[in-house]
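Participant: Quick one, fold the following:
(4 chains)
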Amino acid sequence: MTVLSDRQQLSYIAAQAADARLNVELETEGMTLNIGPQHPATHGTLRIIAHLDGEQVVWAEPSCGYMHRGYEKLTEVRTFPQVTTLINRIDWLGSFANEVPFILAAEKLMEIEAPPRAQYIRTILFELSRIANVSLFLGDLGVQMGAITPVFLAFRDREYVLNLIEGATGGRFHPNFDRIGGLKDDLPKGWIDETRQVMRKLRGFCDEIEDLLFGNEIFQSRMRGIGVIPADVAKSFGLSGANARASGIDWDLRRDQVLPMAWDKVDFKVWTHPDGDCFARCWIRLQETREATKIVDQLLDDLPPGPVMAKVPRIIKVPAGEAWVATENPLGEMGYYVVSKGDLGPFRVKIRSASFNNISVVPWVLKGVYVPDIITILASLYFILGDIDR
Amino acid sequence: MVRLSDTGTSETDAAPKALPGDGLREGIVDLLRNALGEGLVDTHLVPNDDLWVRVDRSVWRHTGEVLAADGFDYFCFLSAIDWLPSPWGRGEDDPDDPPPERSTEIVQGVAGGETRFQLLARLNDVRRHVGVTLKCDLPDDDLVVDSWVPLFAGANWHERETHEMFGIGFAGHPDLRNMYLPGDFEGYPLRKDFPLLARMVKPWPGIVDVEPMPALEEEEETDTAEGDTKGDESS
Amino acid sequence: MPKVPGLIKGLGVTFGTLVRTAKEGANTVQYPHEKEAPPIRARGVIALREDNCTACMLCARSCPDWCIYIEGHKQLAPPRRAGGKPRQVNHLDRFDIDYALCMYCGICVEVCPFDALFWSPEYEYSEPRIADLLHDKDKLGEWMETVPEAPELEAGAEKKK
Amino acid sequence: MLGLAIEIPYWGQSLLRVLGGIVAVLLPAGTIVYLFLFKMMSFMQSRLGPMEAGPYGSMQLFAEVGKWLQKEDIAPEAADVRIFKMAPIIVLVSTFLLVAVVPFGPDAYFTNFEVGVFYALAVGSVSVIGILIAGWASANKYSLLGGLRAAGQLIAYELPMVLAVVGVVIQAGTMNLQGIVVAQNTGEIFGFAGIGFPFVITQFVGFIIFMIAVQAELTQAPFDMPIAESELVSGYMTEYSGFRFLMFFIGEFATAGVFAFIASVLFLGGWGIPFAWFGWEGLADVPNWMNVAGPLIMFAKMLLLTFIIMWVRFSYPRFREDQLQTFAWKILIPVSLLNIAVTAIIKVAV
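Facilitator: This is a model prediction of the structure:
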C-alpha cells in the first residue's frame, strides 16, 4: 500500500535498523501472537494476528469472519418490515440507529416522509442509542487500559438509557420500532420527564469519566501520540464518525446532508480534533455524548404534536429504484444501498457499516507499536464485531 | 474546576455549509465526461439528491483517479450487484408442489446496464458534502476489473469481500484471500443462484393452510380471508 | 484555581462512589430476592388469546424466523341468530412458538388482525433444554394473565383509532 | 530475650511460630480480599459485591477456596510440568519468608534478626523466580510475555524500594526491624514525645517511593502489566487453575498484607505506641499485654495501608511496560538517591 510511507513506518524502520545490529549477535527471531478470537480485549470474536519482535509489532492483521451472519443475503429473502428487526443486530449496542437509514432509504424509494413528530422521536431515539453505545465505549476504554471501575459506572448509567429505550420501544437492545412511514407507536406517558432526568445523569457520568479516566495522567501518557492516523489516510481508508473527526476531518452526516430527521432543528457542535491519536478519538466520543444529551434535551423541548405514522398501504411494496442513505451512527457512517424491484422485499441491500472501514486501517496503524498499544488502538478505534462482519 | 473540554483543543467551523445544488452535480458529470470521454456510459442525476455514473470497465481505475483528484478522496464502499432474479424466490415454496416458474430476465436498475454483474462503489467529497455512486458492467466470462487499492487503501478489504462474495477478480490487488469464509469454501454466497440453506432445510410454516371441512371439501376451497367471520363476532 | 492533578481527581471519583453507595445503596438489585419490573411495553414473551385466533396464518407467514407453527381445521359452529344456518369457522389445533428461534421483533403481534397475540413483559422462562422453549398454545395462553394494559401516551400524541 | 509470662518448651515455641506464621499470612490475605476486593471495590463501582454466602457475603472467600480446591489440577500439554507445578509454591513461600522478620509486639515475633531489613528485601524478590518460571514453563506466549514483564518490573522496582528504605535505616541507625520500631516510638519531635517519631514525617519521600514500589512489586494497577488481562489474558497466571491459581491468589494478597506490615514497621511506628505515654524507657519496659495489643495495632495500620494500595488499584489505568521502566529508572531511583543523600547529610549534621 502506497500510503504506508509515513513517519510511523519510518520510525519503525529506524528502530528495526537499530535492533538489527543486536539481532546479528543474539540470533533473535520473531514471534507470532494470536490475539483472539477468544480474548478479553476483542469485544466479540475479532482475531488479530500480530507478528512481534520482542513486544514490538512487525505486522499485524485482523482476521474477521467469526461472526459473519450474511445479512446482505438474508435481506434478500425478507420483506421490508422484516428487514428492520434483522438489521437491529448489526451494531447491537446502538441498534435503533441501524434501523433509521434503512427505513429512510425505503421511504425515499416510496416517496413518503414520516410526520414531524415521528421524525423528532426518531432523532431522540437515535441520539439515545448513540449515548447508550458510546457510554459503554467510555467505560470499556477503562477496562482495556487496566482500570476496572469505569466500566461499572458506564454500565450503571447506560442502564438508565436502555430503560428509556425499552420503555418507549419495548426492546432493550433490538427496538424494531421504526416503520416505513413513521414509528410503531407514540411515547408512553411520563417518558419525556424521565428522559430529561436521565440526560442530566448522563452529563454527570461524562464528568465522572472525565475525572476518573481522561484527566488521569497515566491515561493520557498511554493515549497521546499513540496510533496517529493523519487525515488523508483516514479518508482513503474511509474512516468515519469520531475516528475521522479526531483526524481533523470536519464531516458529520447529521449536519452535512439533508435528511427527514430533526437534526437541522437543533443546535449542536460537531467536535473535531487535530491530533488524530487515540486520545483524540476517545475525547471526541466523550464530547459527542455530551452533545447528544443536549440534542435530546432540545428535541424534547419542542416535540411537535401530531401523528407518528404517515399513510402507508397495509402491504408494503417498495417501487423499483435504488437509494443510498447514510446516517451518522454511533460508530460512524452507516449506510444502506437499497435496490428494489417493486417487490415485497429488497432485491439487494449493500450494508456499508462503519466498523468495517474503521477496522481496515488496523494493519496500517499497528505497524511498529507495542503490544499494549494494540489494545489501546483497537479500543480507541471502537468497533462492534457485528458491525464488521455483518 | 477546569475541565479538559474547556481547554479547547478543538478547532471546527461549525457553521453548516450551503448544501450542494444541481450545478455541483452537473459539474461533476461534465468533469467526468471530459476526462473519460467514451468511457462514461450513462449517468443518472436526481437533482439535489444523488448522482449515479456508469463507466466502462476499461476506465474504472481512471474514474477513481479523476474523482480523487477532484476532491472525492473519501472512500465510502465498494461492492457489486448480481442482477439475476433469484431462482429460489424467498424460499417459501412448497417442496411438494412443482417448482414455480420464475422470470430469469435480467433488468438493471438506475443508470442502466448490460451485464448480470455490476460493480458498485461510492466516493464522497467531505468538503463539498457530495457523493457519487459509480457503477461498472462486468461481462460474465471475464469478471475482472482494475483494483482501486493504489488509489484508496480502504478498497483493499472491500475488494476482498466482493471477490469472496461475487467472485469478481481485481487486477492489481495485493491479497485476495477470503475475509469471512474458510479458504476452501466453494461458491460465491451473494450471487443470486447461490441458495440460502437456512431457507432450504425446512419448509415454510406459512405453506400450511387450515384444513377444510371434510364434508365440504369438494364444495369450495376456502380462502384464509374467510376465517374473518369469527373474528368479527368476538371483537 | 490551580489544576487538581488527574490522579487525585480519579481517586476522588472512586471514593465518592464508595460513600454514595454506602449511604444511598447500590444501583444493582439482588436479583432472585428482588426484581426490577420491566416497562409495560417490554417485549418479554408472546401471549395467545386462543378464543380470538382464527388460524388465519398471517402471523406464521409474516414471521421472519419461521418460528410460528399453526395447524387448524374448519368446523361448524352454532348459528349467530336463532334459526340461522350453522357457520363455518376455523378451529385452532396447534399454535407453537419456538422461542429458541424467535427474534422478539413483534411483527406477529402487530399483524394479528383479531387481537389474539399480545406482548407480556414476563422474562423468566429459560429452560435447561432447548426443546422446552417451544411453547404450545396452552402455555402461550397462560401468559395472558401477565399481559398489562397498554400505557397511556405522552402529551401531543394522536389517539389510535 | 523471651520474657513471656509462661515458659514454653522449644518444640512448643516452634509450633506456635508455624501457626503464627500461617495466621499472619492468611488472616491479612483473607481480610484484604473480603474487605477490599469484594466490598470496597464493589462499593466504588456502586454495587454490593457478594451477598449470598454468609451475612453480607462474608463466607464468600471460603466458598471460593472450596471451589478452587475442587478443580482439577491441569497442566498444559507442552508445559514443563514439574517446574510449572513448582512455581506457585515458590511465590507463596516468599511471602512466608517475608513475614518471618516482621515484629508484631515486644516478644511477638518469629525471629529477631539483626539485619531484618536486608533480609526482608532480599526474600521479597524470591517471588520473581516463581513468576518467571511460571511464565516460562506454561508454554504459552501470553504467559511468557507476562513472566518477562514481571521479571523486568520486579527487578526495576526492587532498587527504589531498597533505596527508599536506606533513609529509614540511616535514621534509625539499625537494620533490626524491632530496633526500628523502638527507635520510632522512643523518639521525639523537638522535645515533644506525644506521638513518638514515626519516620513517615521525615522520610515522607521515602514512604511514597516505597509505596509506589510496593504497588509495582505486587503487580497491582497501575503496574499490573504482567497480568494485564486486556492484553495478556492473565499473564503468567493464564494457564493455572484450581489450587495452584489459589496459591498465586493468596500470594498476591498475602504479600500485599506483608508489605503493608513492613511499611508500617518502617514508617508508621510498627506495633508500638509512643513509649512516653506510659513512661517506658526502652523495649525491656514494655509490658506483656503489648504482645496482644501490638498485633492489633499492626493489623489496623496494615489495613490503612492496603486500603491505599487497593484504592489506587481500583482507580487507575495501567502504564505501558516501557513507561514503567522509565518511571523507575528516571524518576524513582534519582529521587530516592537524593533522599538518601539529604538524610545522610542531616544525620551527620545533627
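Participant: tell me, how many neighbours does residue 153 end up with?
Facilitator: I went with chain A, as the question did not name one. With neighbours defined by other Cβ atoms under 10 Å in any protein chain shown, the count for residue A:153 comes to 25. No exception for glycine: its C-beta is placed from N, CA and C like everyone else's.
Participant: sorry, should have said chain B
Facilitator: Neighbour count of residue B:153, defined by other Cβ under 10 Å: 24.
Participant: Same check on residue D:101?
Facilitator: 25.
Participant: residues in contact with it?
Facilitator: Residue D:101 is in contact with D:109-111, D:113, D:116, D:119-120, D:177, counting by Cβ atoms under 8 Å, 6 or more residues apart in numbering or on different chains.
Participant: Any of those residues buried? List them.
Facilitator: D:109-110, D:113, D:116, D:119-120, D:177 (16 or more other Cβ atoms under 10 Å in any protein chain shown).
Participant: quick one: what helix or strand has the closest residue to residue C:65 other than its chain neighbours in it?
Facilitator: Nearest residue to residue C:65 in three dimensions, chain neighbours excluded: residue C:101, at 4.7 Å (Cβ to Cβ, 6 or more residues apart in numbering or on different chains). Residue C:101 is part of no helix or strand, with elements assigned from DSSP states H and E.
Participant: what does chain C put close to chain B?
Facilitator: With Cβ under 8 Å from any Cβ of the partner chain as the criterion, chain C meets chain B at residues C:1, C:3-4, C:51-52, C:54-58, C:60-61, C:63, C:66-77, C:80, C:87-90, C:113-115.
Participant: out of the buried ones among the contacts of residue D:101, which are inside helices?
Facilitator: Among those, the members found in helices (DSSP state H) are D:116, D:119-120, D:177.
Participant: Now tabulate those residues in a markdown table and tack on distance to residue B:180.
Facilitator: Shown next, in a markdown table, are those (distance: Cβ to Cβ, whole Å):
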| residue | distance to residue B:180 |
| --- | --- |
| D:116 | 63 |
| D:119 | 60 |
| D:120 | 57 |
| D:177 | 63 |
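Participant: any chance of those residues in a markdown table, plus distance to chain A and pLDDT?
Facilitator: Listed next are those as a markdown table, based on distance: Cβ to the nearest Cβ, whole Å; pLDDT from 0 to 100:
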| residue | distance to chain A | pLDDT |
| --- | --- | --- |
| D:116 | 34 | 81 |
| D:119 | 33 | 87 |
| D:120 | 28 | 85 |
| D:177 | 33 | 83 |
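Participant: Tell me how many other residues surround residue 94.
Facilitator: No chain specified, so I'll use chain A. 26.
Participant: think we crossed wires, I meant chain D
Facilitator: Residue D:94 has 22 neighbouring residues, counting by other Cβ under 10 Å.
Participant: out of the ones in helices among the buried ones among the contacts of residue D:101, what pair is the most spread apart?
Facilitator: Greatest spacing in those, by Cβ to Cβ: D:119 and D:177 (9.1 Å).
Participant: Quick check, the residue in the stretch 151-300 of chain A closest to chain D?
Facilitator: residue A:152 (3.4 Å; Cβ to the nearest Cβ).
Participant: So what does residue D:10 look like in phi/psi?
Facilitator: Main-chain dihedrals, residue D:10, degrees, to the nearest 10: phi -60, psi -40.
Participant: Okay, it and chain B: tell me how far apart.
Facilitator: Per Cβ to the nearest Cβ, to the nearest Å, residue D:10 is found 64 Å from chain B.
Participant: What of residue A:47?
Facilitator: From residue A:47 to chain B the distance is 12 Å (Cβ to the nearest Cβ).
Participant: quick one on the thing from earlier: which one of the buried ones among the contacts of residue D:101 is nearest to residue D:223?
Facilitator: residue D:120 (20.0 Å).
Participant: ok, and the closest non-adjacent residue to the closest one?
Facilitator: Per Cβ to Cβ, 6+ apart, closest to residue D:120 is residue D:101, 5.4 Å.
Participant: In three-state terms, label that neighbour for me.
Facilitator: coil (DSSP: H, G, I helix; E, B strand; the rest coil).
Participant: nearest to chain C, of the buried ones among the contacts of residue D:101?
Facilitator: For the buried ones among the contacts of residue D:101, the nearest to chain C is residue D:120 (28.3 Å; Cβ to the nearest Cβ).
Participant: so who does the closest one touch?
Facilitator: Contacts for residue D:120 (Cβ under 8 Å, 6+ apart) come out as D:98, D:101-102, D:177, D:262.
Participant: Now the residue of the stretch 151-300 of chain D found nearest chain A: which helix or strand?
Facilitator: Nearest residue of the stretch 151-300 of chain D to chain A, counting by Cβ to the nearest Cβ: residue D:230, 4.3 Å away. Per DSSP H and E, residue D:230 falls inside helix D:229-232.
Participant: biggest helix in the chain, by residue count?
Facilitator: Picked chain A for this. Per DSSP H, chain A has its longest helix at helix A:116-145.
Participant: Please refer instead to chain D.
Facilitator: helix D:141-172.
Participant: again, but for chain C
Facilitator: Chain C, longest helix under DSSP H: helix C:6-24.
Participant: Report the distance from that one to the chain centre.
Facilitator: Offset of helix C:6-24 from its chain centre (Cα atoms, centre = their mean, to the nearest Å): 39 Å.
Participant: List the residues that contact the residue of the stretch 101-250 of chain D found nearest chain B.
Facilitator: Chain B sits closest to residue D:222 of the stretch 101-250 of chain D, with a gap of 19.4 Å, by Cβ to the nearest Cβ. Residues in contact with residue D:222, defined by Cβ under 8 Å, 6+ apart, are A:146, A:218, D:215, D:312, D:316-319.
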